[in-house]
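S.K.: here you go, sequence then predicted model.
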Amino acid sequence: MPLNRKLQQLVDELSVIDDPQERLSLLVDRSRKTPPLPAAERTEANLIPGCVSVVWVVGEVRNGLCYFRSDAESAIVRALVGFLCEFFSGFTPETLLAGDPDPLDALGLARTLSPTRRNGLNATRSAIRAFAARARSADQAATRPPQPPP
């Protein structure tokens, strides 16, 4: 499924909830069912700079697709970052780099957030894109034919 179609499906699904605060409450409730990241993954390398709350995002590639998991100290930030990770999971690096949709904005949630929180969530989206760029580069390097020695 293309990223834009996933975004439209998500908007259609959640548009039955008129109030953005209720949408946010739904995301918080959903995030409570997600297990926290293990302590071993709560590392400096997985920290998202630019977030007021402490946020960790872990990316991995399985079968050519990127998957993301996250955690945060604040319940609301945990819900929002987890939602972003869920949204961007299951796509190739190329798909993630081809566009930069903002599902929080599409759902009307971004306008209810403080500027500092929006900046942190933008930093999370940037980190996801950076992971996709590294994954694409690693894949290209792995599939490049060996060069003869000089």
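M.R.: Yes, it's here. Residues are numbered from 1 along each chain as shown.

S.K.: buried set for stretch 7-14?
M.R.: For stretch 7-14, burial by neighbour count (16 or more other C-beta atoms under 10 Å) applies to 7, 10, 14. All C-beta spots, glycine's among them, are computed from the backbone N, C-alpha and C.

S.K.: for whichever helix or strand the first one is part of, packing partners?
M.R.: So that's residue 7. Here residue 7, judged by DSSP states H and E, is contained in helix 3-14. Packing contacts for helix 3-14, counted by 3 or more C-beta pairs under 8 Å, 6 or more residues apart in numbering; DSSP states H and E, involve helix 75-88, helix 93-98, helix 103-106.

S.K.: contacts only, for the residue nearest the centre of the chain.
M.R.: Compute the mean C-alpha point of the chain, and by C-alpha atoms, centre = their mean the closest residue is residue 85, 3.1 Å away. If you count contacts by C-beta atoms under 8 Å, 6 or more residues apart in numbering, residue 85 has them with 57, 68-70, 128.

S.K.: now it: how far from residue 112?
M.R.: Distance of residue 85 to residue 112, given as C-beta to C-beta, to the nearest Å: 20 Å.

S.K.: that older thread, most neighbours out of the contacts of residue 85, which is it?
M.R.: Highest neighbour count within those, by other C-beta atoms under 10 Å: residue 70, with 28 neighbours.

S.K.: contacts for the helix or strand hosting that one?
M.R.: Using DSSP H and E, residue 70 sits within strand 65-72. With contact meaning C-beta under 8 Å, 6+ apart, strand 65-72 is reached by 36-37, 41-42, 51, 53-61, 78, 81-82, 84-86, 88-93, 96, 124, 128, 131-132, 135.

S.K.: and what of stretch 34-41?
M.R.: Contact with stretch 34-41 is made by 46, 56, 58, 69-71, 82, as judged by C-beta under 8 Å, 6+ apart.

S.K.: apply 7 Å and report the result again.
M.R.: Residues outside stretch 34-41 that contact it (C-beta atoms under 7 Å, 6 or more residues apart in numbering): 56, 58, 69, 71, 82.

S.K.: residue 49 in helix, strand or coil?
M.R.: Secondary structure for residue 49, judged by DSSP: H, G, I helix; E, B strand; the rest coil, is coil.

S.K.: show me the shaky parts of the protein.
M.R.: For the chain, applying pLDDT under 70 flags the ranges 1, 140-150.
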